[in-house]
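# One predicted model, sequence on top.
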Amino acid sequence: MVLLRGFYRLTRLQKTVALCSLVITTLYIAKTAYSRHLENHQRVQQLVAEELKSTLQPLDDEIENHRRQAKEALELAGLVRRPKRGPPGRVHHLPPEHRDAFVDHDAAAHHHGNGDSEHGPDEEKVHVKSEKDGEVTTEKKTLPPPAPSSGKPRLQAVSTTERQKKVIEMFRHAWKGYKDHAWGHDELKPISKASSEWFGLGLTLVDSLDTMWIMGLKEEFQESRDWVATKLNIDQSRDVNLFETTIRVLGGLLSTYHMSQDAIFLEKAKDLGDRLMAAFQTSSGIPFSDVNLHSRTAHGPRWSPESSTAEVTTIQMEFRYLSHLTGDSKYKLAADRTMDLVQGLNRPDDLVHMLINPNSGQFRSGTLTMGARADSYYEYLLKQWLQTGKTEQKFRDWYVASTQGVEKRLMRRSSPNNLLFVGEERAGGSYYPKMDHLVCFYPGLLALGAHHGIESTRHMAQAKEILNTCHQMYSTMATGLSAELVHFNMGGGGGSDIDVHPKDKHNLLRPETAESYFILYRLTGDKQYQDWGWDMLQAFEKYCRIDGGGYTSISDVTNSANTQPRDKMESFFLGETLKYLFLLFSDDNDLVPLDKYVFNTEAHPFPVWTP
């Protein structure tokens with residue numbers, strides 16, 4: 001009543017203004033209420049949609065599975081024709097937008113045959129009945145090699161062999177130990193059931209992401225993905241090694257992004273790449289070895305002013321791929337500059353010294369080796385040429401020249417069994433018949449180059465011989481596992497070709513021999529490599545498996561009664577060794593095909609593209 005009396009006392013203009021204000025206020029309140037109603041309505045729609053999706057997805061998967069099984073049954077019954085190329089009933093699970101990332105190149109040379117010694121891998125002898133002059137006779141006929149793969153790469157196994165199922169069981173056993181006792185930490189200590197930290201980046205978890213994807217371990221992958229999204233903290237005031245962080249963490253994130261197309265992995269990869277760029281802020285352009293991820297500062301190792309040559313020349317694939325995905329060329333330019341600088345240095349017969357100084361940009365003269373601190377330099381020469389669709393000839397030329405240097409200066413034969421191996425040349429030119437297990441990547445590299453037309457006959461023959469030597473490094477040990485490095489007898493006479501010194505008897509669950517088994521099997525079809533890989537797997541099971549979860553490295557491969565376990569499971573056991581064994585035991589050439597993918601030195605597959 002008081003308000004009304006006050007209103008009547010107002011002038012006409014004042015009344016008009018008051019009424020307008022009242023109307024505007026009323027409209028604003030109504031608009032706000034409507035907006036909130038609309039927002040709530042949209043939220044309800046979203047929740048309903050998500051609920052429907054989660055409910056219907058299993059039904060869709062089940063329908064697809066029944067459809068595939070029905071198709072396979074019809075094919076087996078002869079009621080429908082099987083496709084001319086590729087195994088029956090395969091389902092290509094990549095989304096259309098994902099397939100566009102692939103670049104078609106020359107068809108792969110895939111494995112054929114059954115490894116029978118009576119005939120080569122490219123033929124199969126069968127008995128064929130024919131009628132001639134009214135008489136039925138039986139004759140042997142050589143079938144043509146199977147058709148090449150369908151050309152549609154798969155990044156996840158559709159079906160698994162019995163041996164692959166065993167690898168999956170081993171992965172899950174290792175993963176159980178990691179999840180129970182080291183979740184989110186870098187590495188598992190399986191015996192003490194504890195964790196160890198190196199970089200604080202969940203090293204084992206990130207290194208294993210694409211292994212889980214390839215094996216089809218959906219539950220484990222989703223848990224790990226959620227940890228990366230919510231727990232992986234890259235902004236840490238901690239020094240990390242540029243090389244190890246690049247190949248394991250950056251490589252793992254990039255590969256998993258390609259496979260899953262989940263943006264969180266690229267987001268984390270870019271953040272990490274930006275921080276690692278601090279390593280390149282040197283006067284020479286040769287990066288420092290260590291980077292603080294929070295302060296974005298870098299320095300050399302505490303023990304030396306030099307960086308390892310392999311470490312500064314085995315980051316290029318990852319930085320180039322990061323530039324390709326983000327459209328930011330800074331990563332590629334920095335990594336390319338390092339490689340170009342190294343190529344400008346004095347390299348005896350195109351071989352590199354083990355150490356390089358980031359301040360001066362010069363090598364420190366020393367040992368020429370294919371082993372530690374130099375190994376993956378040679379690997380990335382060939383793989384950078386392949387990564388960009390063979391468009392950068394310089395990498396091929398550098399690789400070819402290096403293989404000639406290795407053959408001339410480092411390859412020798414042992415006594416008495418004439419094993420071909422790759423030794424070292426010490427400062428001053430003296431030869432040292434020592435070969436690291438790390439060198440066992442080289443047979444696979446030679447075979448891959450031969451497959452792509454580089455000294456095809458010569459390099460494939462060398463690859464087979466050196467891989468046989470690597471196999472002997474396993475089979476001649478009491479445990480069936482190779483030592484970290486071995487020495488070869490070149491003195492003639494009797495005795496053993498291979499000798500292991502006391503300080504070198506350990507085995508770290510390394511992947512290099514399994515990697516070469518996989519590549520040689522994929523390219524030749526010789527099932528001998530699968531059998532050798534199976535022997536390796538059984539030795540890991542017998543001497544390295546820990547009850548309750550996990551596998552451990554051991555200190556003495558020469559003593560099966562006392563291996564002296566080390567209580568350490570390296571991240572690369574899940575990220576590389578088990579991945580390569582899983583792929584080795586596959587008969588599906590479309591599963592991560594070698595013409596469409598290039599593995600980085602940590603076994604993370606990157607797609608081939610053309611710039």
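Thanks, I have the structure now. Keep in mind it's a predicted model, so treat the numbers as computed, not measured. Numbers count the residues shown, from 1 in each chain.
# which residues touch Val228?
Contacts for Val228 were tallied using CB atoms under 8 Å, 6 or more residues apart in numbering; they are Gly202, Leu205, Val206, Leu209, Leu253, Ile264, Phe265, Lys268. (Each C-beta comes from the backbone N, C-alpha and C, glycine too.)
# Number of residues surrounding the third one?
I take that to be Val206. Residues within reach of Val206, counting by other CB atoms under 10 Å, total 28.
# Skipping its backbone neighbours, what lies nearest it in space?
Distances taken as CB to CB, 6 or more residues apart in numbering place Gly252 nearest to Val206, at 4.5 Å, with adjacent residues excluded.
# Can you get me a residue count around the one you found?
Using other CB under 10 Å: Gly252 sits among 31 other residues.
# which residues does it contact?
Applying CB under 8 Å, 6+ apart to Gly252 gives the contacts Val206, Asp207, Ser208, Leu209, Asp210, Gly575, Glu602, His604.
# which among these gets closest to Gln462?
Nearest to Gln462, judged by CB to CB, of the contacts of Gly252 is Glu602 at 24.7 Å.
# Backbone torsions only: list them for Asp497.
Note on Asp497: its backbone torsions stand at phi -70, psi -30 [degrees, to the nearest 10].
# now it: how far from His185?
Distance of Asp497 to His185, given as CB to CB, to the nearest Å: 41 Å.
# what do you get for Cys544?
20 Å.
# more neighbours, the two?
Neighbour tally, Cys544 and His185, criterion other CB under 10 Å: the higher count belongs to Cys544, 24 against 20.
# So for the more buried one, what's the pLDDT?
At Cys544, the model reports a pLDDT of 98.
# you'd agree it is up against Ile554?
Yes - if you go by CB atoms under 8 Å, Cys544 and Ile554 touch, sitting 6.2 Å apart.
# who touches both of these two?
Any residue near both Cys544 and Ile554 by CB under 8 Å, 6+ apart counts here, and that gives Leu481, Asn507, Pro565.
# Need the residues you listed in CSV (columns: distance to Gln222, neighbour count and secondary structure).
Below are those laid out as CSV (distance: CB to CB, whole Å; neighbours: other CB atoms under 10 Å; DSSP: H, G, I helix; E, B strand; the rest coil):
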residue, distance to Gln222, neighbour count, secondary structure
Leu481, 34, 28, coil
Asn507, 33, 25, strand
Pro565, 32, 17, strand
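# Tell me where the stretch 301-450 of the chain has strands.
Counting by DSSP state E, counting those that start in this stretch, the stretch 301-450 of the chain has strands at residues 307-308, 353-356, 363-368, 411-413, 420-422, 424-425, 431-432, 434-436.
# can the ones you listed go into a markdown table with extra columns for mean neighbour count?
Output for the strands of the stretch 301-450 of the chain, formatted as a markdown table (neighbours: other CB atoms under 10 Å):
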| stretch | mean neighbour count |
| --- | --- |
| strand 307-308 | 24 |
| strand 353-356 | 23 |
| strand 363-368 | 17 |
| strand 411-413 | 16 |
| strand 420-422 | 23 |
| strand 424-425 | 20 |
| strand 431-432 | 14 |
| strand 434-436 | 24 |
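# just to revisit the earlier point, what's the closest of the shared contacts of Cys544 and Ile554 to Thr326?
Nearest member of the shared contacts of Cys544 and Ile554 to Thr326, counting by CB to CB, is Asn507, at 39.1 Å.
# Spatially nearest residue to the closest one (excluding sequence neighbours)?
Nearest to Asn507 is Leu481, by CB to CB, 6+ apart, at 4.6 Å.
# Could I get the buried residue list for the helix or strand in which Glu220 is found?
Using DSSP states H and E, Glu220 falls within helix 218-230. Under the neighbour-count criterion of 16 or more other CB atoms under 10 Å, helix 218-230 has Glu220, Phe221, Ser224, Arg225, Val228 buried.
# Identify the farthest-apart pair in those residues.
Distance extremes for the buried residues of helix 218-230: the farthest pair is Glu220 and Val228 at 12.8 Å, using CB to CB.
# quick one: contacts of stretch 398-410?
Against stretch 398-410 from outside (CB under 8 Å, 6+ apart): 343, 347-351, 368-370, 378, 381-382, 385, 422-425, 442, 446, 449, 454-455, 459, 462.
# sorry, back to before: now the contacts of Gly252 in TSV, with secondary structure?
Formatted as TSV, the contacts of Gly252 follow (DSSP: H, G, I helix; E, B strand; the rest coil):
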residue	secondary structure
Val206	helix
Asp207	helix
Ser208	helix
Leu209	helix
Asp210	helix
Gly575	helix
Glu602	coil
His604	coil
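# Out of these, which comes closest to Arg412?
Nearest to Arg412 among the contacts of Gly252 is Glu602, at 29.4 Å by CB to CB.
# Setting aside sequence neighbours, what's the nearest residue to the closest one?
Ile247 (4.2 Å).
# Could you do Tyr474 as well?
Nearest non-adjacent residue to Tyr474, counting by CB to CB, 6+ apart: Ser482, 4.8 Å away.
# how far away is the one you found from Arg510?
Per CB to CB, Ser482 is found 8 Å from Arg510.
# So these two - more neighbours on which side?
Under the criterion of other CB under 10 Å, the comparison of Ser482 against Arg510 puts Ser482 first, with 26 against 22.
# quick one: contacts for the more buried one?
His437, Cys440, Cys470, Met473, Tyr474, Asn507, Arg510, Thr513, Val557.
# Would you format the residues you listed as TSV with distance to Gly549 included?
Compiled in TSV, those are given as follows (distance: CB to CB, whole Å):
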residue	distance to Gly549
His437	25
Cys440	28
Cys470	29
Met473	28
Tyr474	25
Asn507	19
Arg510	21
Thr513	25
Val557	23
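# Which ones among the residues you listed map onto helices?
Cys470, Met473, Tyr474, Thr513 (DSSP state H).
# So for the second one, what's the pLDDT?
Per-residue pLDDT puts Met473 at 98.
# cool, and the last one?
Per-residue confidence (pLDDT) for Thr513: 98.
# likewise the one 3 residues further on?
In this model, Ser516 is scored at 98, pLDDT.
# Name the nearest residue to it, ignoring sequence neighbours.
Nearest residue to Ser516, sequence neighbours excluded (CB to CB, 6+ apart): Gly444, at 3.6 Å.
# roughly how far apart are that neighbour and Thr388?
Applying CB to CB, the value for Gly444 to Thr388 is 20 Å.
# So those two - more neighbours on which side?
Neighbour comparison, Gly444 and Thr388: the larger count goes to Gly444, with 28 against 19 (by other CB under 10 Å).
# Against Ser237, how distant is the more buried one?
For Gly444, the distance to Ser237 (CB to CB) stands at 39 Å.
# Kindly report the same for Asp340.
The gap separating Asp340 from Ser237 is 33 Å, by CB to CB.
# Ok, Thr552 next?
Per CB to CB, Thr552 is found 31 Å from Ser237.
# any idea how far the residue nearest to Asn562 when sequence neighbours are not counted is from Ser196?
Spatial nearest neighbour of Asn562, excluding adjacent residues (CB to CB, 6+ apart): Asp556 at 6.7 Å. Using CB to CB, Asp556 is found at 21 Å from Ser196.
# Might one say that Gln387 is in contact with Phe606?
Yes - the pair Gln387 / Phe606 is scored as a contact, 6.3 Å apart, by CB under 8 Å.
# list the residues that contact both of those two?
Here Gln387 and Phe606 have Met317, Tyr321, Val598 as joint contacts, going by CB under 8 Å, 6+ apart.
# TSV for these, including neighbour count, pLDDT and distance to Phe582?
Shown next, in TSV, are the shared contacts of Gln387 and Phe606 (neighbours: other CB atoms under 10 Å; pLDDT from 0 to 100; distance: CB to CB, whole Å):
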residue	neighbour count	pLDDT	distance to Phe582
Met317	27	98	22
Tyr321	28	98	23
Val598	22	98	18
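# So which of these belong to helices?
Among the shared contacts of Gln387 and Phe606, DSSP H puts Met317, Tyr321 in helices.
# Please state the backbone phi and psi of the residue nearest to Tyr474?
phi -80, psi 150.
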